[in-house]
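*Asks:* Coordinates only, no sequence provided:
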């Protein structure tokens, strides 16, 4: 089990001299679905809790990338919109008054002088003192892969995410990509847009075959072996040029009207400062844990997509169970007299 050294003066840069540190029992690094459920479960265990996330809103990837997408693999919900799942998780945690530190990235971790508590500093100058930390940051921060042509139109018709479908109603929409996000957005925008065209550079798609077939049954035009070569418009995107044709063969240029251009080209994930926190990291993105969700730094646990162990399956539903396991084990670490199993929530008094 690794230990953390006392910080040198330069390592306390995350601390704000203007305000006292926030003190809680447990800090969750990541306010996506797993972190939010962890906040509820920590409250159920009687722990005070804070969540920190680099995004400005709770919900992680769901909020940033597909709030309107239907999710089908959350227990108890035959189907639930991403936005509604996040709202329900926030509401579930609300009675326990978690502290949200949004728009801040956790950058440093060390042991407090004398008392040995964990001290986490953020890039916003906030310091959190806590008895345990759970890393629930999913894939870390993520940056969309840029569109080579037309990047100057970002937020002027060029979008990398679609947090609200309604703003694209009645428009000609061109979507670039062949993955799940591209096809999900095509399927959801088709009923409200004037036209939807999906452009992909290959003939094969990464998206689920069922979603591809659903889109194929609509009037969405799918153009393969194609790429956007030019974007034009005065203040906003008005039209795009598509170069169509095989890599070795004759090509033609098609010009399409487009008031919305969605580049669903994937994103680059980065767990950033976590790499210097002292625990093992595999492939620069996953943190190995044991059956109690412990990392190899004492007091630090991990749950959700960022956690790894043999047989790992990366689903939201799996992450919910992992963070409950992590919280229960953290509760015993914080108070050795506590029971690992707290009993069933149905036996507890209503909050």
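*Replies:* Arrived safely. Quantities reported herein were computed from a predicted structural model and do not represent experimental measurements.

*Asks:* how about residue 83, secondary structure?
*Replies:* Using DSSP: H, G, I helix; E, B strand; the rest coil, the secondary structure recorded for residue 83 is helix.

*Asks:* That one: what's its closest spatial neighbour, skipping adjacent residues?
*Replies:* residue 67 (4.0 Å; C-beta to C-beta, 6 or more residues apart in numbering). Yep, even glycine has a C-beta here, placed from its N, CA and C like the rest.

*Asks:* Report the separation between the one you found and residue 38.
*Replies:* Residue 67 sits 20 Å away from residue 38, going by C-beta to C-beta, to the nearest Å.

*Asks:* cool, residue 291 as well?
*Replies:* As judged by C-beta to C-beta, residue 291 and residue 38 stand 17 Å apart.

*Asks:* re earlier: more neighbours: which of residue 67 and residue 38?
*Replies:* residue 38 (33 against 22; other C-beta atoms under 10 Å).

*Asks:* quick one: the more buried one is in a strand?
*Replies:* No. Counting by three-state DSSP, residue 38 is not part of a strand but helix.

*Asks:* Pull the contacting residues for it.
*Replies:* Residue 38 is in contact with 28, 49, 134, 136, 303, 323, 324, 326, 327, counting by C-beta atoms under 8 Å, 6 or more residues apart in numbering.

*Asks:* what's residue 223 sitting at in phi/psi?
*Replies:* Torsion angles at residue 223 (phi, psi; degrees, to the nearest 10) stand at phi -110, psi 120.

*Asks:* so what's it up against?
*Replies:* Residues near residue 223 by C-beta under 8 Å, 6+ apart: 197, 198, 199, 200, 242, 244, 254.

*Asks:* next one: residue 80
*Replies:* Residue 80 sits next to 70, 71, 74, 88 when contact means C-beta under 8 Å, 6+ apart.

*Asks:* before we move on, what about residue 343?
*Replies:* With C-beta under 8 Å, 6+ apart, residue 343 has no contacts at all.

*Asks:* In a strand, residue 305, correct?
*Replies:* No. Using three-state DSSP, the secondary structure at residue 305 is coil, not a strand.

*Asks:* Confirm for me that it is in contact with residue 323.
*Replies:* No. Contact criterion C-beta atoms under 8 Å: residue 305 and residue 323 do not qualify, at 11.4 Å.

*Asks:* Between those two, which is the more surrounded one?
*Replies:* More crowded of residue 305 and residue 323, by other C-beta under 10 Å: residue 323, with 31 against 26.

*Asks:* Show me what counts as buried in the top helix by length along the chain.
*Replies:* The residue-count maximum for a helix in the chain (DSSP state H) belongs to helix 316-334. For helix 316-334, a neighbour-count test (16 or more other C-beta atoms under 10 Å) marks 316, 318-320, 322-331, 333-334 as buried.

*Asks:* which residues in this protein form helices?
*Replies:* Ranges of helices within the chain are 33-44, 60-65, 82-93, 180-189, 209-216, 316-334, based on DSSP H.

*Asks:* mind putting those helices in a markdown table, distance to residue 346 included?
*Replies:* Below are the helices of the chain laid out as a markdown table (distance: least, C-beta to C-beta, whole Å):
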| stretch | distance to residue 346 |
| --- | --- |
| helix 33-44 | 12 |
| helix 60-65 | 27 |
| helix 82-93 | 15 |
| helix 180-189 | 36 |
| helix 209-216 | 36 |
| helix 316-334 | 15 |
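
*Asks:* and the closest residue to residue 62 other than its chain neighbours, what does it touch?
*Replies:* In space, and not counting its chain neighbours, residue 62 is closest to residue 82: 4.1 Å by C-beta to C-beta, 6+ apart. Going by C-beta under 8 Å, 6+ apart, residue 82 touches 59, 62, 63, 66, 67, 68, 69, 70, 71.

*Asks:* Could you rerun that using 6 Å?
*Replies:* By C-beta atoms under 6 Å, 6 or more residues apart in numbering, the residues touching residue 82 are 62, 66, 67, 69, 71.

*Asks:* Then residue 147?
*Replies:* residue 263.

*Asks:* for the buried residues of helix 316-334, which one is nearest residue 225?
*Replies:* Using C-beta to C-beta, residue 316 comes nearest to residue 225 of the buried residues of helix 316-334, at 34.8 Å.

*Asks:* residue closest to the middle of this structure?
*Replies:* residue 61 (2.8 Å; C-alpha atoms, centre = their mean).

*Asks:* Tell me the spacing between that one and residue 303.
*Replies:* Here residue 61 is placed at a distance of 15 Å from residue 303 (C-beta to C-beta).

*Asks:* cool, residue 149 as well?
*Replies:* Going from residue 149 to residue 303 by C-beta to C-beta gives 40 Å.

*Asks:* Done for today, thanks.
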